[in-house]
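Q: would you be able to build a 3D model of this:
(one chain, ligands or ions: 1)
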Amino acid sequence: MSHYDAIIAGTGPAGASALYQLTQKGLKVLALEKETFPRYKACGGCLSSKTKNFLNLDLSRLIQTEIFQVNFSYNLKEDFAIKAPGPVGHMVNRTLLDNLMVERALKAGGKINFGEKVVSFNVKPEKIEVTTPQTTYTADYLLAAEGAAGIIGSTLNWHKNLTFYPTVTVELEGDFPLIREFPQTAWTDLFPSQGAYGWIFPKGEGVTIGVGKFSPRKKVKLQEIIEQISQFRLNLTPEFKIHPHPIPCLHNFNKFPVKDRVFLLGDAGGLVDAFIGEGIYYAAFSGELAACAIAESKNPKEAEANYIQSLKSKIYPELKAAGWIAAFMRRFPKIAYKLLKDHALMADFYRGVLGGEKSYQEVTDRVKNRLFLDSRLPQWLIKQIRGEKTEKPTV
Ligand SMILES: Cc1cc2nc3c(=O)[nH]c(=O)nc-3n(C[C@H](O)[C@H](O)[C@H](O)COP(=O)(O)OP(=O)(O)OC[C@H]3O[C@@H](n4cnc5c(N)ncnc54)[C@H](O)[C@@H]3O)c2cc1C
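A: Model (predicted):
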């Protein structure tokens, strides 16, 4: 039976980043990936400038379009634009991006068995057994980078701490008048009465269209909304069938995705921004944090504590704040839309967050404490937004 310092399940951005870091630090690591690469992954393919800078890869051949403007609408009406002096979004082909990250890990000496799926694992006092249809391996650590709703997260019962937001996306090739006129603009359409939002990203020779739900419980016909957007914005009667993919967002920030030498990374940990659905950044970042915690600690207890500490200080505050903004948006869509539309400062925050110069925490602190709460809204509403118990007065 082959023994490794660490086994990684999955080589998306989280697993590839962990493999690259651990290999560079001289650990004996094996990554098991159920697909063969390059593989398709449902994604908008939008990298914020924050993500692009963090990945530290030469993306010049991958970037199809750069976004300088984001347009918002409310029920496909009242469009307004947030413009930026530099690019805030970088559109890439996701298949090629993930492949590039895997190639970097392989070039550094990383070992990946493609087409080998982790089907179970067993935590023993001194090692972890990891079983695939081919064989059983042992390792000191298991890193779950298996994406949303994987087998390791479900075995550990971790998924109860996550909210899974169904999302659909489709890539369309073609010459669209909208994209010819606005080649560097992304479109975000809010459909509050239907509990959904949609986006269109220009992508070189075509577009990516997507729709997500504000709340997983709400019955939303995603296919109908994506058709509505395609018809309205692209004058296209689509003939595609779409399948929902979940975006997993952590909602219980008192819990940490690590137990008995099993570390959950990226989507497996629910480390996704609930406001804009950005997950590539947190996947790659958590892969790096877990690798550093393991490589730089004297024993597993210390490694687990260091991973928790890194998540607490470097990832959770932003995800929590993004979750707060998403909840605000769900609850008060019109106010959120108007804030973004009418307050230059909020538009500036939005640009800053995408660019990585500003944090969500700054936004939430500002909104909660100063911006408009003390003046324009009724006290019962201010209390609700602040999370204080109150009831709406009856007339
Ligand atoms: C519709 C949609 C649009 C999105 N758009 C964006 C966007 O524009 N920008 C952005 O930043 N984020 C976006 N996201 C989120 C982003 O795609 C994820 O957060 C990101 O892929 C997480 O990376 P990961 O490495 O954790 O998981 P994944 O990328 O899902 O990788 C998991 C890997 O594990 C493998 N695997 C699974 N199970 C096993 C197993 N048992 N054994 C071995 N291998 C296994 C899979 O084959 C896969 O290769 C979007 C998500 C969705 C659903």
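
Q: for the protein, give me the ranges with low pLDDT.
A: Along the chain, the parts satisfying pLDDT under 70 run over 1, 368-395.

Q: find the closest residue to the ligand in it.
A: Using Cβ to the nearest ligand atom, the closest approach of the chain to the ligand is made by residue 279 at 1.7 Å. Glycine gets a C-beta too; all of them are placed from N, C-alpha and C.

Q: list the contacts of that residue.
A: 247, 266, 267, 271, 272, 273 (Cβ atoms under 8 Å, 6 or more residues apart in numbering).

Q: okay, now the second one: neighbour count?
A: Residue 266 has 33 neighbours, counted by other Cβ atoms under 10 Å.

Q: adjust the sequence numbering to begin at 18 for everything that follows.
A: Done: numbering now begins at 18, and the last item shifts to residue 283.

Q: correct me, but it touches residue 30?
A: Yes: using Cβ atoms under 8 Å, residue 283 is in contact with residue 30, at 6.4 Å.

Q: in this structure residue 272 contacts residue 178, no?
A: Yes: using Cβ under 8 Å, residue 272 is in contact with residue 178, at 5.0 Å.

Q: and these two? Which one has more around it.
A: residue 178 (19 against 16).

Q: I'd like to know how far the more buried one sits from residue 153.
A: Taking Cβ to Cβ, to the nearest Å as the measure, residue 178 falls 29 Å from residue 153.

Q: now do the SS call for residue 133.
A: Secondary structure, DSSP: H, G, I helix; E, B strand; the rest coil: residue 133 is coil.

Q: report the central residue of the protein.
A: By Cα atoms, centre = their mean, the mean C-alpha position of the chain lies nearest to residue 296, the distance being 1.8 Å.

Q: could you pull up phi and psi at it?
A: Note on residue 296: its backbone torsions stand at phi -130, psi -20 [degrees, to the nearest 10].

Q: without its sequence neighbours, what residue ends up closest to residue 341?
A: Of all residues not flanking residue 341 in the chain, residue 381 sits nearest, at 5.2 Å (Cβ to Cβ, 6 or more residues apart in numbering).

Q: verify the stated contact: the one you found with residue 335.
A: No: Residue 381 lies out of contact with residue 335 (Cβ under 8 Å); the separation is 10.0 Å.

Q: returning to what we had before: mind listing what the residue nearest to residue 341 touches?
A: 338, 341, 342.

Q: again, only using 10 Å
A: 334, 337, 338, 339, 340, 341, 342, 345, 366 (Cβ atoms under 10 Å, 6 or more residues apart in numbering).

Q: quick one: contacts for the spatially closest residue to residue 210 that is not a sequence neighbour?
A: Sequence neighbours aside, residue 92 is the residue nearest to residue 210 in space, at 7.4 Å (criterion: Cβ to Cβ, 6+ apart). When the contact criterion is Cβ under 10 Å, 6+ apart, the partners of residue 92 are 206, 207, 208, 209, 210, 211, 245, 350.

Q: repeat for residue 266
A: So residue 266 contacts 165, 178-182, 233, 284, 287-292, 294, 296, 336, 339-340, 343 (Cβ under 10 Å, 6+ apart).

Q: mind doing that once more with 7 Å?
A: Contacts for residue 266 were tallied using Cβ atoms under 7 Å, 6 or more residues apart in numbering; they are 179, 180, 182, 287, 289, 291, 340.

Q: equivalent analysis for residue 121, please.
A: Contacts of residue 121 (Cβ under 7 Å, 6+ apart): 37, 74.

Q: so where does it fall, helix or strand?
A: Assessed by DSSP states H and E, residue 121 sits inside helix 111-124.

Q: from the chain's centre, how far out does that helix sit?
A: Relative to its parent chain, helix 111-124 has a centroid offset of 18 Å by Cα atoms, centre = their mean, to the nearest Å.
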